[in-house]
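Peer 1: take this sequence and fold it.
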Amino acid sequence: MPYVVASDGVRLYYETVGSGPPLVLQTGGAGDGSMWRDAGYVDALSSVRRCVLLDHRGHGRSEQPPLAQAHTMERYAADVVDVLDDLAIERTAFWGYSQGGEIGLALAALHPSRIVALITTGVISSPDRRANSAEDTDGIRAIRHGGWAGFLDPAALSSTPAWFQRQVQATNPEMLALWFEAYADWNPWDRLSQMAIPILMFVGELEDPEHWNSRAAELAPNARLVRLAGLDHLGAYIRCDLVAPVAKEFLDGIRLAVELEG
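Peer 2: Predicted structure coming up:
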């Protein structure tokens, strides 16, 4: 099983599936790279893309560093670069779900030479992430005290797919709390206008009533937004049957553009 040692010494697990131009698939705050297989994305994409499934630090088979300085969005983006270097991949497309999409934005902002296109699902929130700092602190404290049961209604969790429940229940609460702190400390809004790469943004209609994703898509010069009617944050992800065909068309266009440039 492939591991790479990140530049700060943390062991990261990843695997690759399929053939074709590379596509990194990155999960959010709970779960590991196998979520993309469970939700159907690997089957949908691996015939045309070399899918790179990364267990981000603190999750899955990757190491769980306990120190806060090991959990920043800058560090998470650097982890992706370390995996790309291990695979001798110069540039890649990237698809991130939830806070995994934030890693994609950080990769585009901090390592623009390593990313050719970005897809996000359910990623953008308010530009002022510390506006409700007391609420954020209470939520993180609840995670540390009671794990997901202190943050997500158990009844709501029980209505989700079994594979998602397994992912959530396997997540170390401390790693999840550190992940949320890193997310709260990262703000991509002032960088969006500088992201020249093609960006495809999926968002569930029910998760974004204030249309933050629409505003973000207006700021990024080459962004396209797809709002998924009647779907919430998780629903937008598990409907692989809806989003994968749109994403494949988007990626095919990127591949053609790269070939023409080459």
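Peer 1: make sure residue 176 is indeed in a helix.
Peer 2: Yes. Residue 176 forms part of a helix when assessed by DSSP: H, G, I helix; E, B strand; the rest coil.
Peer 1: what's the burial count for it?
Peer 2: 21 (other C-beta atoms under 10 Å). Backbone N, C-alpha and C define where each C-beta goes, glycine included.
Peer 1: thought residue 146 was touching it, still the case?
Peer 2: No. Residue 176 lies out of contact with residue 146 (C-beta atoms under 8 Å); the separation is 11.3 Å.
Peer 1: show me where the chain has helices.
Peer 2: Here the chain has its helices, by DSSP state H, at 34-38, 41-45, 73-86, 99-110, 133-146, 154-158, 162-170, 173-184, 212-219, 233-238, 240-261.
Peer 1: any idea how far residue 166 is from residue 60?
Peer 2: Distance, residue 60 to residue 166, using C-beta to C-beta, to the nearest Å: 12 Å.
Peer 1: and those two? which has more neighbours close in?
Peer 2: Neighbours were counted for residue 60 and for residue 166 using other C-beta under 10 Å; residue 60 has more, 22 against 14.
Peer 1: how about the nearest residue to residue 10 once chain neighbours are set aside, what does it touch?
Peer 2: Distance criterion C-beta to C-beta, 6 or more residues apart in numbering; nearest residue to residue 10, sequence neighbours excluded, is residue 63 at 4.8 Å. Neighbouring residues of residue 63 by C-beta atoms under 8 Å, 6 or more residues apart in numbering: 10, 11, 12, 57.
Peer 1: the second one against residue 58, yeah?
Peer 2: No. With contacts defined as C-beta under 8 Å, residue 11 does not count as touching residue 58, sitting 11.6 Å away.
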